[in-house]
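Peer 1: fold the stuff below for me.
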Amino acid sequence: MTDNIAKITKILLWVLIALSLFYAIMLFVNTTEQDTKWIVNSLTYTEILLYIAVGAVVIFSLFNFVLNLMSRPKKALLSLIPIVILGVVFLFAYSSASNEVLNMPTYEGTDNVPGILKWSGAGLITAYVFFGLAVLSILYAEIAKLFK
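Peer 2: Residues are numbered from 1 along each chain as shown. This is a model prediction of the structure:
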């Protein structure tokens, strides 16, 4: 059973990598001022991947919590740490984000409003924080290997 899950996960991850590479290439190859279809498609794909990642963190953390609640209560509480970290980082990002309207003389759209700018800024800061944490964890893992 575990081998089948590992195979399915491996195939799914390769498909996601291939799709991401496809959208990245098409974004840079087909982007012109008149045709923004690939930008919208790439952003939609990124948004879907973001929802999948956040959903997986929440679902698996809650599943671990319920699974360990009766047998090991301390371990059950530890399984909620990813949700707490996600919440704390997002609260930090939301409080740090600016809602100041941008001065863009050539922009004629309706999205330059404080609410959208605040949420966009919070999303960007959250992505930056988690990217930085990922880089630091990779560096830590590689440096720790040198001392073993």
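Peer 1: where does this protein dip in pLDDT?
Peer 2: 1-2, 30-35 (pLDDT under 70).
Peer 1: identify the residue nearest the geometric centre of it.
Peer 2: L50 (4.4 Å; CA atoms, centre = their mean).
Peer 1: domain map for the protein?
Peer 2: As recorded under automatic domain parsing, the domains making up the chain are 1-79, 80-148.
Peer 1: endpoints of the shortest one, how far apart?
Peer 2: Translated: domain 80-148. 30 Å (CA to CA, to the nearest Å).
Peer 1: can you check stretch 25-45 too?
Peer 2: 13 Å.
Peer 1: for that stretch, buried residues please.
Peer 2: W38, S42, Y45 (16 or more other CB atoms under 10 Å). Just so you know, the C-beta spots here come from the backbone N, C-alpha and C atoms, and that holds for glycine as well.
Peer 1: past the helix or strand containing S20, which element shows up next along the chain?
Peer 2: Element membership for S20, per DSSP states H and E: helix 2-29. Counting by DSSP H and E, the next helix or strand C-terminal to helix 2-29 is helix 37-68.
Peer 1: continuing past that next one, what's the next helix or strand?
Peer 2: helix 73-78.
Peer 1: can I get that following helix as PDB, trimmed to CA atoms?
Peer 2: The C-alpha coordinates for helix 73-78 follow below in PDB (Å, rounded to 0.1, in the frame of the first residue of the first chain):
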ATOM      1  CA  PRO A  73      -2.100  14.000  23.300                       C
ATOM      2  CA  LYS A  74       1.300  15.800  23.400                       C
ATOM      3  CA  LYS A  75       2.100  14.600  19.900                       C
ATOM      4  CA  ALA A  76      -1.400  15.600  18.800                       C
ATOM      5  CA  LEU A  77      -0.700  19.200  19.900                       C
ATOM      6  CA  LEU A  78       2.600  19.200  18.100                       C
END
